[in-house]
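>>> got a sequence here, can you model it:
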Amino acid sequence: MFRWAAILGLLGLAAATGLIVWSGWSEVVDALSEAGWGIAVVAAFHFVPLSISSAGWQALAPGKNRPSLAKFFYFMWVRAAVNNLMPVARIGGEIACVRLMTASGMRRNTAIAITIAELTLSIAAVFLFIAGGVLLFALRVSDKNVTLQLVWGLVLSLPLLAALAAVQKIGFFGLLSRLFRTMFRDKWAKMAGNAARLDRAVATVYRRKNRAIACFLWQFAAWAVGSVEIWLALVFLGHPLPFMEAVMIEALIQGSVSVAFAIPGALGVQEAGFLVFGGLLGLPHETSAALAVIRRCRDLLCYAPALVVWQVQEGKRLLIK
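Residues are numbered from 1 along each chain as shown. The predicted model follows:
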């Protein structure tokens, strides 16, 4: 899996580089020079939606002694860093965070359950956010073919969302257990019990409806606030757009990234999305390409330090053992 992710990442990087060169390398560099320190401002602002999302995750944690918001921010920071900068098909961050949460004293079943529930509620929230962006796009842009394709993309993703919810209701880990028991017989018996407890833990999280609703609302707010990054970047690039158009771009880019979840960092796909949707909203190619580069700079500035901190922490844990 790691090998295929690395290959897809290299292909995506080549595609992203090609798109930026096609947009006019010197013009893109000039646009980025115009933005200057504004790139750092955009990167710093990203910690705002990250904090909001962390609050949504914390809302699912049970008990009065749950980890602080600062700890959940750290978990989210590392999780996003792994998913965005490493070839893990955007799921390795969740595994890393379960390890961090258990190391901080949280029970393993609880850590897994609230992570799965938060991921599911975040997917539902971003779907609603993308749907709103598509609606705004349909009202703003007269290209009916593109709008129809976006609507069909939403329609086709609905069964996947329904299946994700149904599998968790039936018992995701129990289904895996039955599958593996068929394959490995008695060797899987020990894990089967753990699977049942995990399914009960996930069900317990969803039974706390107020907490689940709070998580969903926090996650939706995080996606919406993320649009400010687009708006700020365009202001620094000298091509400001109305805030609702920044919302459209952010929503449609998130839709593109979601489709390309298997490609590390959605390399190439994200850049193509900025060029296509930015162009439809009247942005010059070089500005759209510079916007895509700023998004990549944001990821490096925000998440590379998280990987360093995480690795230092893991190294200390190994030395203690």
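
>>> every contact and neighbour count from this point should use C-alpha atoms.
Fine.

>>> now do the helices in the stretch 201-321 of the chain.
Taking DSSP state H, counting those that start in this stretch, the helices of the stretch 201-321 of the chain run over residues 209-225, 227-236, 243-259, 269-280, 285-320.

>>> now the fourth one: mean pLDDT?
Read that as helix 269-280. Taken as a whole, helix 269-280 has a mean pLDDT of 86.

>>> show me what that helix is packed up against.
On a contact count with 3 or more Cα pairs under 8 Å, 6 or more residues apart in numbering; DSSP states H and E, helix 269-280 meets helix 2-22, helix 243-259, helix 285-320.

>>> circling back: format the helices of the stretch 201-321 of the chain as a markdown table; extra columns: mean neighbour count.
Formatted as a markdown table, the helices of the stretch 201-321 of the chain follow (neighbours: other Cα atoms under 10 Å):
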| stretch | mean neighbour count |
| --- | --- |
| helix 209-225 | 21 |
| helix 227-236 | 22 |
| helix 243-259 | 22 |
| helix 269-280 | 21 |
| helix 285-320 | 18 |
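
>>> so residue 106: helix, strand or coil?
What DSSP: H, G, I helix; E, B strand; the rest coil gives for residue 106 is coil.

>>> quick one: contacts for it?
Shown in contact with residue 106 (Cα atoms under 8 Å, 6 or more residues apart in numbering): residue 66.

>>> dihedrals phi and psi, it?
phi -80, psi 140 (degrees, to the nearest 10).

>>> picking that back up, quickly, which of the helices and strands packed on helix 269-280 bottoms out on average pLDDT?
helix 2-22 (a mean of 56).

>>> where does pLDDT dip in the chain?
Scanning the chain for pLDDT under 70 picks out the ranges 1-25, 88-91, 170-195, 260-262, 264-265, 317-321.

>>> isn't residue 111 right next to residue 100, touching?
No - if you go by Cα atoms under 8 Å, residue 111 and residue 100 don't touch, sitting 9.2 Å apart.

>>> common neighbours of the two, please.
Counting by Cα under 8 Å, 6+ apart, nothing touches both residue 111 and residue 100.

>>> coming back round to it: which one, of the helices of the stretch 201-321 of the chain, ends up nearest to residue 143?
The closest of the helices of the stretch 201-321 of the chain to residue 143 is helix 269-280. By Cα to Cα, the value is 8.4 Å.

>>> roughly how far does residue 316 sit from residue 216?
35 Å (Cα to Cα, to the nearest Å).

>>> do the same with residue 197
24 Å.

>>> for residue 85, same thing?
Using Cα to Cα, residue 85 is found at 25 Å from residue 216.

>>> quick check: phi and psi on residue 67?
According to degrees, to the nearest 10, residue 67 has phi -60, psi 150.

>>> count the residues that sit near the closest residue to residue 144 other than its chain neighbours.
Ranked by Cα to Cα, 6 or more residues apart in numbering and with sequence neighbours excluded, the top spatial neighbour of residue 144 is residue 138, at 7.7 Å. Using other Cα atoms under 10 Å, residue 138 has 18 neighbouring residues.

>>> from residue 293, how far off is residue 138?
According to Cα to Cα, residue 138 and residue 293 sit 26 Å apart.

>>> related to what we said a few turns ago, residues of whichever strand or helix holds the residue nearest to residue 144 that come out buried?
Assigned by DSSP states H and E, residue 138 falls within helix 108-140. Across helix 108-140, burial judged by 16 or more other Cα atoms under 10 Å covers 109-134, 136-138.

>>> which element follows that helix toward the C-terminus?
Taking DSSP H and E, what comes next after helix 108-140 is helix 144-170.

>>> and that next one, what's buried?
Buried residues in helix 144-170, counted by 16+ other Cα under 10 Å: 147, 150, 151, 154, 165, 168.

>>> just the closest of the residues you listed to residue 240, please.
For those, the residue nearest residue 240 by Cα to Cα is residue 147; the value is 23.4 Å.

>>> so that closest one sits right up against residue 139, yeah?
No - with contact defined as Cα under 8 Å, residue 147 does not count as touching residue 139 (9.5 Å).

>>> grab the nearest non-local neighbour of residue 38.
Nearest non-adjacent residue to residue 38, counting by Cα to Cα, 6+ apart: residue 236, 5.7 Å away.

>>> relative to residue 168, how far out is that neighbour?
Distance, residue 236 to residue 168, by Cα to Cα: 44 Å.

>>> residues in contact with the residue most central in space within the chain?
Among the residues of the chain, the one closest to the centroid is residue 80, at 6.8 Å (Cα atoms, centre = their mean). Counting by Cα under 8 Å, 6+ apart, residue 80 touches 93, 303.
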